[in-house]
Every structure is written in structure tokens, then in C-alpha cells.
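Undergrad: Sequence and predicted structure, then a few things I'm wondering about:
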Amino acid sequence: MTQTLTAYLRVHLAGTPVLVPREAVQSVRSLSGSVLPLAGKTPRPQGKTRHSRLVVDAARLLGLGRVAGPDPTGLRMASADENAGWLCLVDRVERIEDHGATEVLSLPPALGALRRWLSGVIVDPASDTPVCVLRAEPVIPPFTLLRHLRAAAVDPSPLREELE
């Protein structure tokens, strides 16, 4: 019996490696500039979709505390509503790797608060350390998701997309 493999992007946020399911990412964008925290209230995006224009710092979203470093990478996150994706900033994308479902272990109790965002951990064979695995879709009601995205939003005005 062969095991089905899932493709993940290994990204770094605040010095921490995290695996993001490839199916959850519409596109990857190289950006230049520095990320600034938002001053004041998060602007309410216009139009039918409420979070499609949000630029969110992944480290802040997961409670790692700091805004992405200079020249971050943007992951356009997929959504069931094709117009509702949001741009998630990470420090960098290291590589694409494949893992089987049996490799994803339960979250340790210390990470229980992140259960809505993380599906588990994978032990990195090279370093023998756990690497968190992000869920393709967070287990969170849409209104609560929007509130969390707004809380982790950053000012995208200093960022420019790099043409490759």
C-alpha cells in the first residue's frame, strides 16, 4: 500500500520553520521593502470580500511576536471563495517538500492554543526537531478569522513586488 504525499512549502517566520500546505497557497511573491505595523485601526477592506486585500504578518498571526523582516515573501493564501484570499508575509520560503499523513504527529500540549491554525508537527530528520504544520484552512469561524487577520495586518505601502 502506497502512502499519499502532501506537498508543503517550508517557510521561516521569526526564525521558526513552518510547513504550509502547497494547496493552501495560490502564489508566492518576492517583495522588497520593510514591513511596518499598522498605526491605529485596521482599514476595512472595500467590496464583497472582507479580507482579500489584507496583508497579514504570519509571525504575528501565530503569536510569534514580531513583524516580518525586510524584503519578506508574500504567500497569496487560497480560499474557498476565490476572491477572498489574503496575502500572508513570511521571512522566506526555503523549499518545497513532501510528507505523508503518518508523518504528521499530534501537537504537543505546549502548542495547544494554536490548534486552530496548526494540524500537527513533523519531526525534521536532519535536525531531529519538530516543525509545525499549518492547516490548509484554519478551524475557525469566518468572522473570528477576519478578526484575527485584522489584528495581524501590517501596512503594505512600503512593499514593492519584485519582477522576476
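TA: Looks like it came in fine.
Undergrad: So, low pLDDT: which residues of this structure?
TA: 1-2, 39-52, 67, 79-84, 163-164 (pLDDT under 70).
Undergrad: and with 80 instead?
TA: Low-confidence segments of the chain, defined by pLDDT under 80: 1-3, 35-53, 65-69, 78-85, 162-164.
Undergrad: now the strands: where do they sit in it?
TA: Using DSSP state E, the strands found in the chain span residues 5-13, 16-21, 25-32, 36-37, 55-57, 73-77, 87-90, 92-100, 118-124, 129-134, 154-155, 160-161.
Undergrad: Make a markdown table from those and add distance to Leu146 to it.
TA: In this view, the C-beta of every residue, glycine as well, is placed from N, C-alpha and C. Below are these laid out as a markdown table (distance: least, CB to CB, whole Å):
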| stretch | distance to Leu146 |
| --- | --- |
| strand 5-13 | 21 |
| strand 16-21 | 20 |
| strand 25-32 | 19 |
| strand 36-37 | 19 |
| strand 55-57 | 11 |
| strand 73-77 | 13 |
| strand 87-90 | 14 |
| strand 92-100 | 25 |
| strand 118-124 | 19 |
| strand 129-134 | 18 |
| strand 154-155 | 16 |
| strand 160-161 | 24 |
